[in-house]
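Enquirer: missing the sequence, but the structure's below:
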DNA sequence: ATTCTAGTTGCGAATCAGTCGCAACTTCAG
DNA sequence: CTGAAGTTGCGACTGATTCGCAACTAGAAT
């Protein structure tokens, strides 16, 4: 994730509290997994990691919590060009959107922030009179090491 | 789809032929459905429409043909922000990429071409030394009629 | 501290999109 | 017209995600 160091531990928990959402042991475990993730995690991986913190965490609770976090725009759901099956990946939503580039050969995911991307979103808001809630730009191709 | 009028009927079929790919009745039906589609179709809808042209078309043939077309970059696979379930949508790939905006209230999909989008892709190629094969920008939010 | 209730959970069954193995069938080059 | 390679239908299967429901709990009100 870009600039993870700008994140405060427990931030997600605090944000949920601020919105008056109930905290449970299970949610705490899941939030911690998402906050400390070093890469994009699929739901199944979040489940396994959360269970290491609290063995009681159930699959459906993970899905329900992800749903909750999505609804509150605290995580983004990614496809990462379906590099591996049809599942989704999740990441903490940060202040600024970024682009995901997936290398079709080595599978590496590269993240990139761009002023041009920001302008493009402004253009959509302005020229299409569209009020953006989420914007997801995913690119598939070959990274600098893999393009032949 | 933008500028459908620039498309020649039977174009997909011709392109497959040009690549030395075998043509079958089933594929003809599926290609026709995709070419004449007025909106983005999910695999199941493509199946039903293709079966009207040729009752023998099977679900797996639809999926296998979509896979083939994706491999040859003749269709793009979209999620359309998962407005309805987790399935995918398909559309004929045209010369120029475009952006998909999905209204979270009315469900309308708006397509938009943008020079800024083109520049952004160039920036990724240049600054990240990334060789783009597919780029998918999907935006969720509220369209001009639905933003309160 | 105790009570109460709306919100949350685990469970297991269900759903749903997409995949696969295989034998039968077609396409099309020669 | 023939044969090999490519394609198909079928039905079983997978893997991700959802759901109904009874039991449980967080946290506000007492």
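Expert: Looks like it came in fine. Every value quoted in this text rests on a predicted model; they were computed, and no experiment measured them.
Enquirer: check which residues of the helix or strand of chain A with the lowest mean pLDDT are buried.
Expert: Across the helices and strands of chain A, mean confidence by mean pLDDT, DSSP states H and E is lowest for helix A:11-18: a mean of 92. For helix A:11-18, the neighbour count (16 or more other Cβ atoms under 10 Å in any protein chain shown) marks A:12, A:13, A:16 as buried. For glycine as for every other residue, the C-beta is placed from the backbone atoms N, C-alpha and C.
Enquirer: so chain A: which segments form each domain?
Expert: When chain A is parsed with automatic domain parsing, its domains come out as A:1-95, A:96-148.
Enquirer: indicate which one of the ones you listed is closest to DNA strand D.
Expert: The closest of the domains of chain A to DNA strand D is domain A:1-95. By Cβ to the nearest atom of the strand, the value is 3.4 Å.
Enquirer: and that closest one, how far from the chain's centre?
Expert: Chain-centre distance of domain A:1-95: 8 Å, with Cα atoms, centre = their mean, to the nearest Å.
Enquirer: returning to that earlier point: outside of the least confident helix or strand of chain A, which residues touch it?
Expert: A:8, A:23, A:27, A:28, A:31, A:34, A:35, A:69, A:72, A:74, A:92 (Cβ atoms under 8 Å, 6 or more residues apart in numbering or on different chains).
Enquirer: stretch A:55-71 - what's its average pLDDT?
Expert: The pLDDT scores in stretch A:55-71 average 97.
Enquirer: can you tell me the element residue A:76 falls in?
Expert: Element membership for residue A:76, per DSSP states H and E: strand A:75-78.
Enquirer: counting contacts, what elements does that strand pack onto?
Expert: Applying 3 or more Cβ pairs under 8 Å, 6 or more residues apart in numbering or on different chains; DSSP states H and E, one finds that strand A:75-78 contacts helix A:59-71, strand A:89-92, strand A:131-142.
Enquirer: need the contact partners of that strand.
Expert: By Cβ under 8 Å, 6+ apart, the residues outside strand A:75-78 that reach it are A:34, A:40, A:66, A:69-70, A:88-93, A:100, A:134, A:136, A:138, B:82.
Enquirer: is residue A:27 in contact with residue A:62, as I believe?
Expert: No. Using Cβ atoms under 8 Å, residue A:27 is not in contact with residue A:62, being 10.0 Å away.
Enquirer: coming back round to it: got CSV for the contacts of helix A:11-18, with distance to DNA strand C and neighbour count too?
Expert: Below are these laid out as CSV (distance: Cβ to the nearest atom of the strand, whole Å; neighbours: other Cβ atoms under 10 Å in any protein chain shown):
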residue, distance to DNA strand C, neighbour count
A:8, 22, 8
A:23, 8, 11
A:27, 5, 22
A:28, 9, 18
A:31, 10, 24
A:34, 14, 21
A:35, 16, 16
A:69, 11, 24
A:72, 11, 14
A:74, 14, 18
A:92, 18, 18
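Enquirer: so which residue is dead centre in chain A?
Expert: What sits nearest the mean C-alpha location of chain A, by Cα atoms, centre = their mean, is residue A:91, with 1.8 Å.
Enquirer: and the gap between it and residue A:34?
Expert: Going from residue A:91 to residue A:34 by Cβ to Cβ, to the nearest Å gives 8 Å.
Enquirer: quick one: name the residues of chain A near DNA strand C.
Expert: For chain A, the residues in contact with DNA strand C (Cβ under 7 Å from any atom of the strand) are A:21-22, A:24, A:26-27, A:56-61, A:64-65, A:86.
Enquirer: who wins for neighbours among those?
Expert: When neighbours are taken as other Cβ atoms under 10 Å in any protein chain shown, the top entry among the residues of chain A next to DNA strand C is residue A:57 (25 neighbours).
Enquirer: what comes into contact with stretch A:123-136?
Expert: By Cβ under 8 Å, 6+ apart, stretch A:123-136 touches A:73, A:76, A:78, A:97, A:100, A:121, B:81, B:99, B:101, B:103-104, B:110, B:112, B:114, B:116, B:136-144, B:147.
Enquirer: pLDDT weak spots in chain A?
Expert: Scanning chain A with the threshold set as pLDDT under 70 gives A:1-8.
Enquirer: can you list the residues of it near chain B?
Expert: Chain A comes close to chain B at residues A:77, A:79, A:81-82, A:86, A:88, A:99, A:101, A:103-104, A:110, A:112, A:114, A:116-117, A:119-121, A:123-124, A:127-144, A:147, as judged by Cβ under 8 Å from any Cβ of the partner chain.
Enquirer: residue A:21 belongs to a helix?
Expert: No. Applying DSSP: H, G, I helix; E, B strand; the rest coil, one finds residue A:21 to be coil, outside a helix.
Enquirer: mutual contacts of residue A:91 and residue A:34, please.
Expert: Counting by Cβ under 8 Å, 6+ apart, the residues touching both residue A:91 and residue A:34 are A:41, A:75.
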